[in-house]
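Colleague: Predicted model follows, preceded by the sequence.
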There are 2 protein chains.
Amino acid sequence: MEHDSGSADVYEQLARIGKVVVHPKRIELLDLLCQAERSVETLAEAAGLKLTTASAHLQVIRQARLVETRREGTRVYYRAAGEEVCRFVAALGDLGRARLAEVDQILRAIGAGSDSAERVTRAELLERVRSGEVVVLDVRPAEEYAAGHIPGAVSLPLEHLEARLGELDPGLEVVAYCRGPLCLLAPEAVATLRARGLRARCLEDGLPEWRQAGLPVATAPAGRSGRDTPATAPTNGHEARPGRRR
Amino acid sequence: MEHDSGSADVYEQLARIGKVVVHPKRIELLDLLCQAERSVETLAEAAGLKLTTASAHLQVIRQARLVETRREGTRVYYRAAGEEVCRFVAALGDLGRARLAEVDQILRAIGAGSDSAERVTRAELLERVRSGEVVVLDVRPAEEYAAGHIPGAVSLPLEHLEARLGELDPGLEVVAYCRGPLCLLAPEAVATLRARGLRARCLEDGLPEWRQAGLPVATAPAGRSGRDTPATAPTNGHEARPGRRR
DNA sequence: CTACTATTCCATAGATTTATGGAACATGAT
DNA sequence: ATCATGTTCCATAAATCTATGGAATAGTAG
């Protein structure tokens, strides 16, 4: 009564968004989509879902307008519908880490927890990469690197890390990054590297946060070179747009 | 495979939070709790719920650790469990306004939409209130004013606005604020004031955003009895000592 | 102690959601 | 045209969620 009917409608609308994040797999899908555009099949596989189930989930997310689609031949590519989506997912993760002891516990179990004294800040990384003191490692899957990465970073997906350890200059410190605070790829990579006697640290957060901080993002084919050709890949329009910050 | 089992667990935990915002009334409750601490009965009434239903919803929110409780005599007071909660609710609202045309439409219908050229920025308000050019009006219910308000603001709940119009100096411009971008109180107040020929504008956003911007928040009696020594320790001084209204 | 109040717990009927197989569609190749 | 592939739509059984009345629980006042 204190609230007009108008407000009630607003909350009803917002619940449409809530409906998306009530299911763990949908959060996972959304998280993946904040990294890069992907086809249904790829998403299903990455999230461990049957195809039809994944499609159903994607429909739910789509009805909330949190994703947009693009058709390429017979495939349909989904992508996050704007920066607010990524910001929302980030806020959800932050809240989880802050309030749910379980989340922090899980993360901490592999050294990704909040005992992050070991993490490199974005500012520090920017400075040290400029002076050539460190090598930046993108340990996410190659597609995600291709869709957008820190300029100058080398793509070395975690799954290939062991096999390609030799490519790293043992004299340089490694700074690894991945999808964000909830992602375990970089912490695992760092653990592996340290076990081999290399100096390695994680970047604070991941690529989405880097992007949201307004820092430059490069898109280029996944290759194994230190050099980058910041050519915009036409195969995905996700980060092609100059996205506003803040 | 690509994801370790650990990650799956994390998403499962985050879905606990999602479960809260899947129901419109729970979003509404959370929104109210970001303004001030409240008893179950008050919350039920404010959200238009039966008591047991409200209690049930609050249990769900509690299980996600998004609220904390405090017992005072026979009453139980709920409050938002930290600033991250308010930030999350704000992110949800932002996302809704950005992506769901329906939300913006509803808000716009009463002049609270994104055609906010008319809004006063926080910086502007700070400056102008210092030089005494404007009077700041808190049009939320008195309890919420008591729990925290912009220093120097006058409490004049919307429901009493018409009756107490005479108290306003017609020479000064009025800046009204309420709960935030989704709240309709201030826009309505401004509409009323303008209809009477007064100069009036809304503040951008509401008190939670003011607080999150790091600006000072005062807690004090609304104009009645009451101590104003913050007894609670959480991030923001949720303190209420209202004489029961009505 | 008893009476009373504010809240939570419990049981349940009714509504909604989920996973999934199979059918239907759209697109590109033959 | 026909076929193959990737995706969506549809139907459904199993699981989960919601609102609500009534009972149980704490705290307070006589």
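Modeller: The structure has been received and is ready for your questions.
Colleague: From the centroid of chain A, which residue is nearest?
Modeller: Centroid-nearest residue in chain A, with Cα atoms, centre = their mean: A:R179, separated by 2.9 Å.
Colleague: Could you check which helix or strand contains it?
Modeller: Per DSSP states H and E: A:R179 is located in neither a helix nor a strand.
Colleague: got a list of what it touches?
Modeller: Counting by Cβ atoms under 8 Å, 6 or more residues apart in numbering or on different chains, A:R179 makes contact with A:31, A:34-35, A:140, A:144, A:185, A:206-208. C-betas here are computed from N, CA, C, even on glycine.
Colleague: Redo these as TSV? Include neighbour count.
Modeller: Output for those, formatted as TSV (neighbours: other Cβ atoms under 10 Å in any protein chain shown):
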residue	neighbour count
A:D31	25
A:C34	23
A:Q35	25
A:R140	28
A:E144	24
A:L185	27
A:G206	25
A:L207	29
A:P208	24
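Colleague: of all those, which two lie farthest apart?
Modeller: Largest separation among those by Cβ to Cβ: A:C34 and A:L185, giving 14.5 Å.
Colleague: returning to what we had before: what is the nearest of the contacts of A:R179 to B:R108?
Modeller: A:C34 (28.7 Å).
Colleague: Could you identify the helix or strand that succeeds the host helix or strand of that closest one?
Modeller: According to DSSP H and E, A:C34 maps onto helix A:24-35. Counting by DSSP H and E, the next helix or strand C-terminal to helix A:24-35 is strand A:38-39.
Colleague: helices or strands up against the helix or strand just after that next one?
Modeller: The helix or strand immediately downstream of strand A:38-39 is helix A:40-47, counting by DSSP H and E. Packed against helix A:40-47 by the contact rule (3 or more Cβ pairs under 8 Å, 6 or more residues apart in numbering or on different chains; DSSP states H and E) you find helix A:24-35, helix A:51-63, strand A:75-80.
Colleague: at contact distance from DNA strand C, anything in helix A:40-47?
Modeller: No - contact of helix A:40-47 with DNA strand C (Cβ under 7 Å from any atom of the strand) is absent, the minimum separation being 9.8 Å.
Colleague: Kindly format the C-alpha coordinates of that helix as CSV.
Modeller: C-alpha atoms of helix A:40-47 as CSV (Å, rounded to 0.1, in the frame of the first residue of the first chain):
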residue,chain,number,x,y,z
VAL,A,40,25.1,-23.4,-28.4
GLU,A,41,27.1,-26.6,-28.9
THR,A,42,30.2,-25.1,-27.4
LEU,A,43,28.4,-23.8,-24.5
ALA,A,44,26.7,-27.0,-23.8
GLU,A,45,29.9,-28.8,-23.8
ALA,A,46,31.7,-26.3,-21.7
ALA,A,47,29.0,-26.4,-19.1
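Colleague: and it, average pLDDT?
Modeller: What helix A:40-47 shows for mean pLDDT is 95.
Colleague: Stretch A:98-108 now?
Modeller: Mean predicted confidence for stretch A:98-108 is 86.
Colleague: And for stretch A:79-93?
Modeller: For stretch A:79-93, mean pLDDT is 94.
Colleague: and the nearest residue to A:A80 once chain neighbours are set aside, what is it in contact with?
Modeller: Spatial nearest neighbour of A:A80, excluding adjacent residues (Cβ to Cβ, 6 or more residues apart in numbering or on different chains): A:L33 at 4.5 Å. Contacts for A:L33 (Cβ under 8 Å, 6+ apart) come out as A:43, A:67, A:78-80, A:85.
Colleague: how near is A:L33 to DNA strand D?
Modeller: A:L33 sits 13 Å away from DNA strand D, taking Cβ to the nearest atom of the strand, to the nearest Å as the criterion.
Colleague: Ok, A:E144 next?
Modeller: Counting by Cβ to the nearest atom of the strand, the separation of A:E144 from DNA strand D is 17 Å.
Colleague: was I right about that residue contacting A:E37?
Modeller: No - counting by Cβ atoms under 8 Å, A:E37 is not a contact partner of A:E144; they are 9.9 Å apart.
Colleague: count of residues packed around A:G73?
Modeller: 5 (other Cβ atoms under 10 Å in any protein chain shown).
Colleague: actually A:A123, sorry about that
Modeller: 11.
Colleague: Regarding it, what is its secondary structure?
Modeller: Three-state assignment for A:A123 (DSSP: H, G, I helix; E, B strand; the rest coil): helix.
Colleague: what does A:R65 give?
Modeller: Assignment for A:R65 (three-state DSSP): coil.
Colleague: How many neighbouring residues does it have?
Modeller: Neighbour tally, A:R65, other Cβ under 10 Å: 20.
Colleague: Phi and psi next, for the residue of chain A found nearest DNA strand C.
Modeller: Closest residue of chain A to DNA strand C, Cβ to the nearest atom of the strand: A:G73 (3.7 Å). Here is the backbone geometry of A:G73 (degrees, to the nearest 10): phi 60, psi -130.
Colleague: Can you give the distance of the helix or strand bottoming out on mean pLDDT in chain A from its chain's centre?
Modeller: Each helix and strand of chain A was given a mean pLDDT (mean pLDDT, DSSP states H and E); the minimum falls on helix A:101-109 at a mean of 83. Averaging C-alpha positions (Cα atoms, centre = their mean, to the nearest Å) puts helix A:101-109 19 Å from its chain's average.
Colleague: which parts of chain A sit against DNA strand D?
Modeller: Where chain A comes near DNA strand D, counting by Cβ under 7 Å from any atom of the strand, the residues are A:39-41, A:51-52, A:55-56, A:58-59, A:69, A:74-76.
Colleague: repeat that with 6 Å
Modeller: A:39-41, A:51-52, A:55, A:58-59, A:69, A:74-76 (Cβ under 6 Å from any atom of the strand).
Colleague: Tell me which two in these are the farthest apart.
Modeller: Longest span within the residues of chain A next to DNA strand D, Cβ to Cβ: A:Q59 and A:T74, 18.3 Å.
Colleague: More neighbours: which of those two?
Modeller: More crowded of A:Q59 and A:T74, by other Cβ under 10 Å: A:Q59, with 11 against 6.
Colleague: returning to that earlier point: please tell me which one of the residues of chain A next to DNA strand D counts the most neighbours.
Modeller: Busiest of the residues of chain A next to DNA strand D [other Cβ under 10 Å] is A:L58, holding 22 neighbours.
Colleague: For that residue, give its distance to A:V76.
Modeller: A:L58 is 9 Å from A:V76, where distance means Cβ to Cβ, to the nearest Å.
Colleague: Tell me which stretches of chain A form helices.
Modeller: Secondary structure of chain A by DSSP state H: the helices cover A:5-20, A:24-35, A:40-47, A:51-63, A:83-99, A:101-109, A:122-130, A:142-147, A:158-161, A:185-195, A:207-212.
Colleague: what packs against the fourth one?
Modeller: This means helix A:51-63. Packed against helix A:51-63 by the contact rule (3+ Cβ pairs under 8 Å, 6+ apart) you find helix A:5-20, helix A:24-35, helix A:40-47, strand A:67-72.
Colleague: Any part of that helix near DNA strand C?
Modeller: Yes - Helix A:51-63 is in contact with DNA strand C by Cβ under 6 Å from any atom of the strand, via A:52-53, A:56-57, A:60.
Colleague: Run the chain-centre distance for stretch A:152-164.
Modeller: For stretch A:152-164, the distance to the chain centre is 16 Å (Cα atoms, centre = their mean).
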